[in-house]
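*Asks:* the sequence isn't on hand, but the structure is:
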């Protein structure tokens, strides 16, 4: 079965580039979706299945993600072939030293009209509806997890605070968001910063991306600098949202680890810290 699938990928590559002798490998990371690195003497590419093709095409055009070279459908499943970027994941020190670049990349995909219009064809643009749908999904997962596992009382209190405090948010225009803006989903090439792994791209409050990004990686003294380069002014309302979305994403990741029988790695602790509006202890 696997040999047949590899043969199909080889045929896709031969058809797309008129090149033979492909070596096809599974990457060490990025295994939540079927994906491969393929190379021959002329070209290195990245192949991924079950992805939002048109969105990735646009993200490549605005240089937020690697350029899309080809796409199609195999056995009913959409796939893309991208440039393979042989880069490194940035660390905290690099991110802090390059706040202007990070802010500008986030601004580029948040405020791209074409990407926004593509997402609006299938997703709600109502701010409250987007937040409530996300919160309902989190609540469903949290209640299920609470029945299967004894959670720390601080986690439960924090979740109740998370649900209640969303009612204080001021309405804003929803924008395209990545959903998981951590350094594992970023790649550095010699002159560019790319965001990768856009499987969960959606429309939401822009702070859904910015909140966890700056809470995880930047001290609060740097937040105003980020927003200056992003093109917005940091306000008390935004600061409250930063902590809320940092908590929301930390909880999401913590529950995913439990649901997939993986080690928590401290994300429940991050959730409690953020919902209390305290600094990330790792900063």
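*Replies:* Everything's here; your move. A quick note: this is a predicted structure, and the numbers were derived from the prediction, not measured. Numbering: from 1, shown residues only.
*Asks:* contacts, neighbours, all on C-alpha from now
*Replies:* OK.
*Asks:* number of nearby residues for residue 3?
*Replies:* Neighbours of residue 3 under the rule other C-alpha atoms under 10 Å: 8.
*Asks:* could you measure it against residue 228, distance?
*Replies:* Counting by C-alpha to C-alpha, to the nearest Å, the gap from residue 3 to residue 228 is 52 Å.
*Asks:* do the same with residue 111
*Replies:* Per C-alpha to C-alpha, residue 111 is found 15 Å from residue 228.
*Asks:* same thing with residue 204?
*Replies:* On the measure of C-alpha to C-alpha, residue 204 and residue 228 end up 21 Å apart.
*Asks:* neighbour count winner among the two?
*Replies:* residue 204 (27 against 14).
*Asks:* residues contacting the closest residue to that one other than its chain neighbours?
*Replies:* Leaving out its chain neighbours, the residue that sits closest to residue 204 by C-alpha to C-alpha, 6 or more residues apart in numbering is residue 174, at 4.6 Å. For residue 174, the contact set (C-alpha atoms under 8 Å, 6 or more residues apart in numbering) comprises 125-127, 203-206.
*Asks:* and which of those is nearest residue 38?
*Replies:* Among the contacts of residue 174, residue 203 lies closest to residue 38 (C-alpha to C-alpha), at 31.8 Å.
*Asks:* center of the chain, which residue is that?
*Replies:* residue 180 (2.7 Å; C-alpha atoms, centre = their mean).
*Asks:* any idea how far that residue is from residue 77?
*Replies:* According to C-alpha to C-alpha, residue 180 stands 23 Å off from residue 77.
*Asks:* most neighbours of all the contacts of residue 174, which one?
*Replies:* residue 204 (27 neighbours).
*Asks:* so which residues of this structure form strands?
*Replies:* Counting by DSSP state E, the chain has these strands, from start to end: 23-25, 35-39, 44-49, 68-74, 77-83, 175-177, 186-188, 193-195, 202-204.
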